[in-house]
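K.L.:
quick check, what structure comes out for this input:
(one chain, ligands or ions: 1)
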Amino acid sequence: MTGHKLKLPVYLDYQATTPVDERVLAAMLPWFSERYGNPHSAAHALGWEAAGAVTGAADRVAALIGAEGRDIVFTSGATESNNLALKGVMRACRGRRDHLITVASEHKCVIESARALAGEGFRVDFLPVDGAGLIDPDQLAATLDDDTALVSVMAVNNETGVIQPLARIGALCRDRGVFFHCDAAQAAGKIMLDVEALNIDLMSLSAHKIYGPKGVGALFLRRRRPRVPIEPLFSGGGQQGGVRPGTMAPALCVGMGEAAALAGAEMADEVARIGALGHRLWDGIHAGLRTARLNGDATARFWGNVNVAFPGVDAGRLMAELGDLAVSSGAACASAVSGPSYVLEAMGVSRADASASIRFGVGRFTSGAEIDFAIGRIVDTVGKLSSAAA
Ligand SMILES: *Cc1c(COP(=O)(O)O)cnc(C)c1O
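P.N.:
Numbers count the residues shown, from 1 in each chain. This next block holds a predicted model:
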């Protein structure tokens, strides 16, 4: 025992959201109080300083993904960024190219945007994933045609941590003259993301997944070589080049910029530390429970996400028993009412095993003592529930 008492519940749900880093909060505070200008007020100094703050924040977000600040559009979060990317590009291409390709295991907001576009008459294909959660780039190549406008594939899956082969997808899209959008909400600060090297034309980001505030996100939108056409979702006053009108929120933008700068500066150390903790968690669970299975590819994954099937155990029951661990059975938005995870089902995981799966998320503030505590609680509780069921 360490002698230190753990703060309960132990937070292992970093894919749902992350706490705001205190350095981020400190950077934000002045923009709520003395620095209250409207960044679009061009007539006085309060406006200019706010405009400078949002421009600086865009530069810092851009730097995390190898982009330039002028190609960053601030939004309310990755949900809006994904809606803007899919609907904005498809509607702007209507009549010239009417085909969208995405993947069965994407975040709900991408799936639902694609469905909405199908309802508007666009042709939409959902690529399948294999048992490891990965798409087959050859199948993508075979699905692309002269009518394809956009391919949308996420970087790191929010439920499983599986990393898609972005470089191959990007090269394919660029070669065929098709725009490539990537939902990188779970990837920023965790894997190297370079929109040039990966040939990415649009990228969605969310501040609250990288220790920034909720309610702000960004869309990287390539404006040259090639210029991506986009139709705004909102009508308004022309802010952000008219792509996303509405008064920008300097405090939130500054928070996202600070979070992005910290994520970039600390990525190497953080990923190594979190990866070691994720491995320790999985090794500990597997050593105590030999029937437990890791969902998703064991190699092409971010190890801060450990999604485990406990065959024969009901995940809802298990989570109720594990009240001192804040964990989830999948996406925060897909609660028990919607049944087992469609992401796991898309991977061919049986309904029974999908209903027996829990996602453990490790992050910046997770300690080794918390991981060891979690392992003990999981092994004990699953053992208890399995012997009761036997
Ligand atoms: C969290 C998340 C979103 C939604 O982001 P919000 O900023 O909460 O709207 C989209 N895609 C992925 C992969 C996510 O993890």
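K.L.:
pull the number of nearby residues for the closest residue to Gly56 other than its chain neighbours.
P.N.:
Residue nearest to Gly56 in three dimensions, not counting chain neighbours: Gly257, with 6.4 Å by CB to CB, 6 or more residues apart in numbering. For glycine as for every other residue, the C-beta is placed from the backbone atoms N, C-alpha and C. By the measure other CB atoms under 10 Å, the count of residues near Gly257 is 32.
K.L.:
what ranges does the chain have for its helices?
P.N.:
22-28, 45-64, 78-93, 108-119, 137-143, 166-176, 250-288, 315-321, 342-346, 351-354, 368-389 (DSSP state H).
K.L.:
and Cys182, which of those is closest to it?
P.N.:
Ranking the helices of the chain by their distance to Cys182 (criterion: CB to CB) puts helix 166-176 first, at 6.5 Å.
K.L.:
give the buried residues for the closest one.
P.N.:
Leu166, Arg168, Ile169, Gly170, Leu172, Cys173, Arg174 (16 or more other CB atoms under 10 Å).
K.L.:
max pairwise distance over those: which two?
P.N.:
Checked with CB to CB, the buried residues of helix 166-176 reach their widest spread between Leu166 and Arg174, with 12.0 Å between them.
K.L.:
for the residue of the stretch 1-150 of the chain found nearest the ligand, give me the pLDDT.
P.N.:
Closest contact between the stretch 1-150 of the chain and the ligand, by CB to the nearest ligand atom, is at Gly77 (2.6 Å). Among the per-residue scores, Gly77 shows a pLDDT of 98.
K.L.:
how about the contacts made by it?
P.N.:
Ser206, Ala207, His208, Lys214, Gly215, Val216, Gly217 (CB atoms under 8 Å, 6 or more residues apart in numbering).
K.L.:
count of neighbours near the fourth one?
P.N.:
When you say that, I think you mean Lys214. Other residues lying near Lys214 total 16 when counted by other CB under 10 Å.
K.L.:
who are the contact partners of the residue nearest to it when sequence neighbours are not counted?
P.N.:
Distances taken as CB to CB, 6+ apart put His208 closest to Lys214, at 4.2 Å, once the chain neighbours are dropped. Applying CB under 8 Å, 6+ apart, one finds that His208 lies in contact with Thr17, Thr18, Val20, Gly77, Lys214, Gly215, Val216.
K.L.:
which among the contacts of Gly77 count as buried?
P.N.:
Buried by 16+ other CB under 10 Å: Ser206, Ala207, His208, Lys214, Val216, Gly217, out of those.
K.L.:
and the residue nearest to Glu345 when sequence neighbours are not counted, how far from the ligand?
P.N.:
Counting by CB to CB, 6+ apart, the nearest residue to Glu345 once its immediate chain neighbours are dropped is Ala354, at 5.6 Å. Noted for Ala354: a distance of 19 Å to the ligand, by CB to the nearest ligand atom, to the nearest Å.
K.L.:
what does the stretch 201-350 of the chain put close to the ligand?
P.N.:
Proximity of the stretch 201-350 of the chain to the ligand is assessed by CB under 6 Å from any ligand atom, with Ser206, His208, Lys209, Gly217 identified as the residues in range.
K.L.:
bridging residues for the last one?
P.N.:
Yep, that's Gly217 we're talking about. When assigned by DSSP bridges, Gly217 has beta-bridge partners Thr75, Ser206.
K.L.:
what distance do you get for it to Leu64?
P.N.:
Separation of Gly217 from Leu64 (CB to CB, to the nearest Å): 13 Å.
K.L.:
what about the stretch 101-250 of the chain, any weak spots by pLDDT?
P.N.:
In the prediction, the stretch 101-250 of the chain carries no residues with pLDDT under 70.
K.L.:
what ranges does it have for its strands?
P.N.:
In chain order, the stretch 101-250 of the chain shows strands spanning 123-127, 148-152, 179-183, 202-206, 217-221, with DSSP state E, counting those that start in this stretch as the criterion.
K.L.:
just the pLDDT for Asn334.
P.N.:
Just to correct that, residue 334 is Ala rather than Asn. For Ala334, pLDDT reads 50.
K.L.:
ah, wrong one, I meant Ser386
P.N.:
89.
K.L.:
equivalent analysis for the one 4 residues further on, please.
P.N.:
The confidence metric pLDDT takes the value 66 at Ala390.
K.L.:
likewise for Ala292?
P.N.:
At Ala292 the predicted local confidence, pLDDT, stands at 98.
K.L.:
name all residues that make contact with it.
P.N.:
Listed by CB under 8 Å, 6+ apart, the contact partners of Ala292 are Ile285, His286, Val308, Ala309, Phe310, Pro311, Val382.
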